[in-house]
Structures are given as structure tokens and as C-alpha cells.
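[1] I need the structure of the sequence given here:
(chains A and B)
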Amino acid sequence: MRQFACAVCAHIYDEAIGDPENGIPAGTLWEDVPDDWVCPECGVAKSDFEMVDP
Amino acid sequence: MADQTGIVIVGSGLAGYTVAREFRKLNADSPVTILSSDHGGFYSKPMLSNALATGKTPDAILNSDAVKMADQLKLTVRPHTRVIAIDRVARSLVLQDGERLPYRQLVLALGADQIRLPLAGDGAGLVSSVNDLDDYRHLRDALEGKKEVVILGAGLIGCEFANDLAVAGYRVHLIDIGEWPLGRLLPQSGGAFLQNRLESAGVTFHLNNSVHHVDRVGERLRLTLAKGGTLEADIVLSAVGLKPRITLAQEAGIAVNRGIVVDQSLKTQDPNIYALGDCAEVAGRVLPFVMPIMHASRALAATLAGNPTPAIYPAMPVLVKTPSCPTTISPPDIGARGDWKITEDQDGFKALFQDEGGSLLGYALMGAATKEKNALTSQLPPVMG
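    Now for the predicted structure:
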């Protein structure tokens, strides 16, 4: 499972955890997160996240 | 002969660094220099107003220092470097030590200053404000061992700090000249809902009121209010609004209004000079907060890479980081015609701003109603298409 960090607020989207409060179940792969999903911390777009180097 | 004169970005906030990051995605080697008046590190400014609740120290908020940013984005970053003037004829910047730095294209990402209220009294100079990480460091040091804080201004930043400090155990007073908090973003009943939740979190409101003077009383400050009465506190934090930084552009003969005047391509009247973020007025509008910066940065990066691109702004809801009252607002345009339709229960508040035909032009959601954010945002018109 991979992690993606918000370029603005450093919030981490962890595929293992998902974003259940916003309808993204745990285990959802990054490519399956909808394009209109936004950062739950600061509200920027999915495209402003970058993969965290393992 | 290759031109080694590159893009120069003045300002190392979100706007400056996001333009650089987006530009690097399109162009790997053209030289880019960022000039910063402070340490030049990258951090999330929105994080400052809820760092107590999230347990973050000022050091932990700093994402990457200037050296790391320069390395990561292949930039030259010059911290503690002030620009004194723009020489548009020579296409160069004059720095504080007299050095001249040539530019091919110049990006002004100067940000905004906190507005300082003209306050009387011998304690007026001790009123603090938080506009950057260094300010925030001072605030955190000052808060050490203290108990009582007065915040001037119940706008977004004032409400966020009030919530954060109250939850951390400080006694917080919030003063505003308006009748309700977030007066520019919320209808009155929404303000009342927010006020109620913040009061439950321990914030004391003083609305329809303002401060006349601030006097020192030993280690503390005493505020005399316009409506009579006094308040005493250890710390007074001013958060009454922001003023775009326009002086540098103005002195170079570039048109300014509330902000530095740019068209939808973020270009000033000088074809080699651009502006974005809190210092800019894009096609007549100063667009605050994070999301407009992200959209503007992407468009400007494309333009700088040789593909002229206007900034397109979709609806951009604002998340107010008041954990005691989760709030998302997409305010209608100033001057938009319509009415608020409000539904409210003990768990949430929902206000929809609709025109005569029932089209949604804006909304305010609090508490449980914030779940409807995505569905409603998709119905909103773009801010600037």
C-alpha cells in the first residue's frame, strides 16, 4: 500500500486507511480515488498530492 | 548564445513555491530563482491556526527548509533577501544590498500584510498578529505559561485561532465590530450557530464592539472597549484582515488597485511581469485562501513554460478549521442576487443561496450538514470561467 502527501498541508492519504469520512473506504487504491475528491485538511485537489517515497 | 537569465519569483509562500513546482513539471532546466524575505522554507500556512489541536510545534510545521526546497525543485532559493525596487527598463531587481538581479520573467508572489488597527494606549505596540511561521513561533513562545488571550476580529483566522486556543485550555475572548462571526461569509443565523458552538468550547464573544485603547498593567494588557467596560489578558492577537502587498509594484509604475492589477493570465500591464496569490487582483477580484492559488499557479506555470494559459477558477469552497463546528462555505459572489434558504437542527446548519430560478450560487454548511459539500459544490457556477 502506498502513501500520497498533500503538497499544501502535508496531509497523508494512506491507501490502507482511505478516507472513510468522505466516502473512500480503507484499501482504496490512489487511482480509484475519484478525481473530485479533495484534501480533507485543506481542500485542494487530488492532483496536488504527490507519492511519498517508500 | 543561451540566455542564463531566468524566471525570478519574489516570495516563498504557497504561491511562489507552487508556481515553481508546477513549472518544473513542464520544464526541467530553465533557471528559476526564488527570493524570500524570511527563511525561505516551505510550510503550510493554514496549519498555523490549528497547530495546538494537532499537537504540532513550529518546527514540525516547517515542511522543508530552503536548502531542501532548492534541491528538490532545482531552484536557487535566496533567503533573507529583500527587493527594494523593480527596474522595468533594465529588467532587473534592485536588492537591499544594492545588487542587481536580472530577470527574463518576473513573478510577484508577495502575499499580504495583516491590517493593523490604529489603537491608542501604551500597550498598543504589544498587540501581536500571525502572518507567517516566524510570527507563530513568537506567539507560541509568548503563550508559554499564560492563560488568557483576546483576539481582535471574528473572521476566518480569528475564529480558527479562538477555537484552537480554547480547546488547548486558554480563556479566549473574541471581539468583532460585526453582529456575528464570519460576517462576510455567513448569513446571520449561521453566525449564531457557529457562535453557539464556539461558546460551548469556551470562547467568550464581544460582538458589535471594538477596542479603544490598550494599556499595560504589569505583565498584562488591559483593553478598553468602545461600548464601555474593560478586559484584561496576557496576550492580544489581532486578526482583522489582510492588505495585499502592492507597494513594490506601485513604485515601479505597475497598475494597482486593491491588489496588483493582473488579467486572467496573471499578467500585469508589463508583459514580463506577473502576479498571483494574496498580492494580486485578478480581473478585478482579490481571491483569498488556498484554492485560488493552486489554480492560478498551474495556469501561470504553463504560461511561463511558453503556453499562454488563463487561470480558470471553479467553485472553491472554503474549509474553516474550527473543529468545534466543522464548517464549509462557498460564498456567493459579492453582488449576486438571491436569497438564503436555511434549514437548521441541533446537529447541523445548511444555508443555500439561490437565485430567483432556484439555481444554487453559494452555500454554508456546518456540523453534520458538511457531508453534503461535494454534492452541492458540483452544482455551483465557476468563480471565473
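
[2] Quickly find the element holding the residue of chain A found nearest chain B.
    As assessed by CB to the nearest CB, chain B sits closest to A:Cys9 within chain A, at 4.1 Å. No exception for glycine: its C-beta is placed from N, CA and C like everyone else's. Per DSSP states H and E: A:Cys9 is located in neither a helix nor a strand.

[3] Could you do B:Thr328 as well?
    strand B:327-330.

[4] which residues sit against that strand?
    B:182, B:185-186, B:194, B:315-320, B:362-366, B:370, B:373, B:376-377, B:380 (CB atoms under 8 Å, 6 or more residues apart in numbering or on different chains).

[5] Now with 7 Å, please.
    B:185-186, B:194, B:315, B:317-320, B:362-366, B:370, B:373, B:377, B:380 (CB atoms under 7 Å, 6 or more residues apart in numbering or on different chains).

[6] if we look at chain A, which of these are close to it?
    Restricting the contacts of strand B:327-330 to those within reach of chain A (CB under 7 Å from any CB of the partner chain) leaves B:317, B:319.

[7] State the number of residues packed around the closest residue in space to B:Ala283 that isn't next to it in sequence.
    Take B:Ala283 and drop its neighbours on the chain: the residue closest to it by CB to CB, 6 or more residues apart in numbering or on different chains is B:Gln264, 4.9 Å away. Neighbours of B:Gln264 under the rule other CB atoms under 10 Å in any protein chain shown: 17.

[8] which residues of chain A score low on pLDDT?
    Scanning chain A for pLDDT under 70 picks out the ranges A:54.

[9] Skipping adjacent residues, who's closest to the residue in the stretch 251-385 of chain B positioned nearest to chain A in space?
    In the stretch 251-385 of chain B, the residue that lies nearest chain A is B:Leu319 (4.7 Å; CB to the nearest CB). Spatial nearest neighbour of B:Leu319, excluding adjacent residues (CB to CB, 6+ apart): A:Gly43 at 4.7 Å.

[10] OK, contacts around whatever residue of the stretch 51-200 of chain B ends up closest to chain A?
    Closest residue of the stretch 51-200 of chain B to chain A, CB to the nearest CB: B:Asn63 (5.6 Å). Residues near B:Asn63 by CB under 7 Å, 6+ apart: A:10, B:42-44.

[11] what about burial for those residues, which qualify?
    Applying 16 or more other CB atoms under 10 Å in any protein chain shown to the contacts of B:Asn63, the neighbour count classes A:10, B:42-44 as buried.

[12] phi, psi of residue 20?
    In the absence of a named chain, chain A is used. A:Pro20 adopts backbone torsions of phi -60, psi -30, taken as degrees, to the nearest 10.

[13] count of neighbours near it?
    A:Pro20: 10 neighbours (other CB under 10 Å).

[14] likewise B:Asp355?
    14.

[15] if I look at the nearest residue to it once chain neighbours are set aside, how far off is B:Gly385?
    Distance criterion CB to CB, 6+ apart; nearest residue to B:Asp355, sequence neighbours excluded, is B:Gly338 at 4.3 Å. Distance of B:Gly338 to B:Gly385, given as CB to CB, to the nearest Å: 19 Å.

[16] now do B:Asp71
    Counting by CB to CB, the gap from B:Asp71 to B:Gly385 is 38 Å.

[17] again, but for B:Leu95
    For B:Leu95 relative to B:Gly385 (CB to CB), the value is 39 Å.

[18] Out of those two, name the residue with the larger neighbour count.
    B:Leu95 (16 against 9).

[19] which ones are touching the residue nearest to B:Leu319?
    B:290-291, B:317, B:319.

[20] Filter those residues down to the ones in strands?
    Mapping the contacts of A:Gly43 onto strands (DSSP state E) picks out B:Leu319.

[21] and the helix or strand hosting B:Gln195, how far out from the chain's middle?
    Assigned by DSSP H and E, B:Gln195 belongs to helix B:188-200. Averaging C-alpha positions (CA atoms, centre = their mean, to the nearest Å) puts helix B:188-200 23 Å from its chain's average.

[22] Do I have it right that B:Arg88 meets B:Ala252?
    Yes. Counting by CB atoms under 7 Å, B:Arg88 touches B:Ala252, with 5.7 Å between them.

[23] Not counting residues beside it along the chain, what's closest to residue 52?
    All of this is about chain A. Closest residue to A:Val52 apart from its sequence neighbours, by CB to CB, 6+ apart: A:Gln3 at 4.3 Å.

[24] my bad, the chain I had in mind was chain B
    B:Ala168 (4.1 Å).

[25] Tell me which residues touch the residue nearest the centre of chain B, please.
    In chain B, the residue lying closest to the centroid (CA atoms, centre = their mean) is B:Phe289, at 5.0 Å. Applying CB under 7 Å, 6+ apart, we find B:Phe289 in contact with B:Val318.

[26] Could you measure from it over to B:Ala15?
    From B:Phe289 to B:Ala15 the distance is 12 Å (CB to CB).

[27] ok, the contacts of B:Asn63 vs B:Ile235, which is closest?
    Minimum distance to B:Ile235 across the contacts of B:Asn63 is 22.1 Å, recorded for B:Tyr43 (CB to CB).

[28] Now the phi/psi pair for that closest one, please.
    Torsion angles, degrees, to the nearest 10, at B:Tyr43: phi -150, psi 170.

[29] pretty sure it contacts B:Leu133?
    Yes. Here B:Tyr43 reaches B:Leu133: they are 5.4 Å apart, a contact under CB under 7 Å.
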